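Participant: Model the structure of this input:
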Amino acid sequence: MQAYETEIDGYISELNKKRFKELHEIKTTFQKMDKDAETLSSHLLVDVPKPSTDDLNRNVIAVDGSNYQEKYESVSATIATAYVYMTHGSMERYLPQISIVPPYYATLVNSINMKRLEYEIARDVLNRLEKMEQSPSIVLLDGTITFPDEALSEYSDLAPWIKQAYDQYTKIANDFYEYILDKNVLVASVVKDSLANKYFISLYTSLKEKKFSNLEIPNEELSDLNLIINKWGKNGEYASVSEFGMIKRIFSDLTFKRTKYIEVTQALRAEIPISQLKGSVIGFYIKTIDSQKPFFVEVPAKFKDEIDTISQVISSFSYYSLRPGYPMPLYIAHKKAELKKKNARNIIALFKNLTRKDFPEYYYYLWEDRFHESL
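Facilitator: Next up is the predicted model:
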């Protein structure tokens, strides 16, 4: 690697390398996608029921979470909170948690805690409704069902904070889905920003390993797409790019469409710790209006015969929404759960003051600012 006499010379050289090599390769890949997208669109897309105002009378539970983190030399202080909103009866509940863990575990522990809190608060509302002899039409969750996976358990023994968070999550998540599946309460989890290539890697794995359970795509039709789907394999042409570029091309300017569902767990590196959902989570992309992007939706495979009902609910609540294209109940839950940084800072500041009062001799061991932040 060449060193440069001036910083600007280095940046100009680096920009040119990116522009004429890497960006050119990405452009070439995208051009190939355009042709394949036409073929995939004709095979993978199905209609979604049109929105109906009658659906707005359904009782929907929506759950979302948020978190905030401050890192110090010895510890990291994190706040995770979950919020649940119900369209009927205006029931809402908050469930916060403050965690003090080593800074190198903080982000992972906080993410696991936030998922657990979302299941825990949803279960609380379901219990309350059951006592009132009521049942929701559907529970809408935010984020993926398939995080965390069992691969984390391999490392949890080395880090007690991860083990504690993981074990608590596993217990609550299993309890939630045991209730959901036993009572036949519909659940759909909407992923705002899907960063994993779950859809096409699942299709690729299904073809490679000849596992065709929970696939809406007929086997013979999947075989016809073999050449395209293989491009998502480990050494395939599309392996280095996000599948979302292809998904956007498949939907193009179409509205009220979804992809045929696939078995999501085919794309995972390890099983999920929810025993009722092992090898049994389906997923699909859905798009309702032209100005909004497609969202990835995950559903327990037990409810695959209810996909039209689930799509209908998402379609209606996405169309009649303050954020058109995104379900209104989840939008409300997101806004209510969103931790304002000022409030979160004040909560942690209060906690630090309590520490100063309770054991002042150790205060600075815990809350000393990181050296990098003080430079």
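Participant: from the chain's centre, how far out does whichever helix or strand Leu181 is part of sit?
Facilitator: Here Leu181 sits within helix 160-183, counting by DSSP states H and E. Chain-centre distance of helix 160-183: 17 Å, with Cα atoms, centre = their mean, to the nearest Å.
Participant: tell me the average confidence for it?
Facilitator: Average pLDDT, helix 160-183: 94.
Participant: right, and the helix or strand after that helix?
Facilitator: Counting by DSSP H and E, what follows helix 160-183 is strand 187-191.
Participant: So what are the sheet partners of that following strand and their directions?
Facilitator: Using DSSP bridges, the strands paired with strand 187-191 are strand 138-142 (parallel), strand 295-300 (antiparallel).
Participant: quick one, that strand and helix 160-183 angle?
Facilitator: Interaxial angle of strand 187-191 relative to helix 160-183 (axes from the mean of the first three to the mean of the last three Cα atoms, to 10 degrees): 140 degrees.
Participant: neighbouring contacts of the helix or strand encompassing Lys17?
Facilitator: Assessed by DSSP H and E, Lys17 sits inside helix 7-17. Outside of helix 7-17, the residues within contact range by Cβ atoms under 8 Å, 6 or more residues apart in numbering are 2-4. (C-beta placed from N, C-alpha, C; glycine too.)
Participant: Could you rank those by neighbour count and give me the top one?
Facilitator: Tyr4 (12 neighbours; other Cβ atoms under 10 Å).
Participant: In terms of pLDDT, where does the closest residue to it other than its chain neighbours sit?
Facilitator: In space, and not counting its chain neighbours, Tyr4 is closest to Gly10: 3.9 Å by Cβ to Cβ, 6 or more residues apart in numbering. pLDDT for Gly10: 78.
Participant: what's the answer for Pro327, then?
Facilitator: We have a pLDDT of 95 for Pro327.
Participant: what number of residues lie near it?
Facilitator: For Pro327, using other Cβ under 10 Å, the count is 28.
Participant: and it, what does it touch?
Facilitator: So Pro327 contacts 62, 140, 190, 313-314, 317-318, 321 (Cβ under 8 Å, 6+ apart).
Participant: and of those, the nearest to Asp358?
Facilitator: Ranked by distance to Asp358 (Cβ to Cβ), the contacts of Pro327 are led by Ala62 at 38.4 Å.
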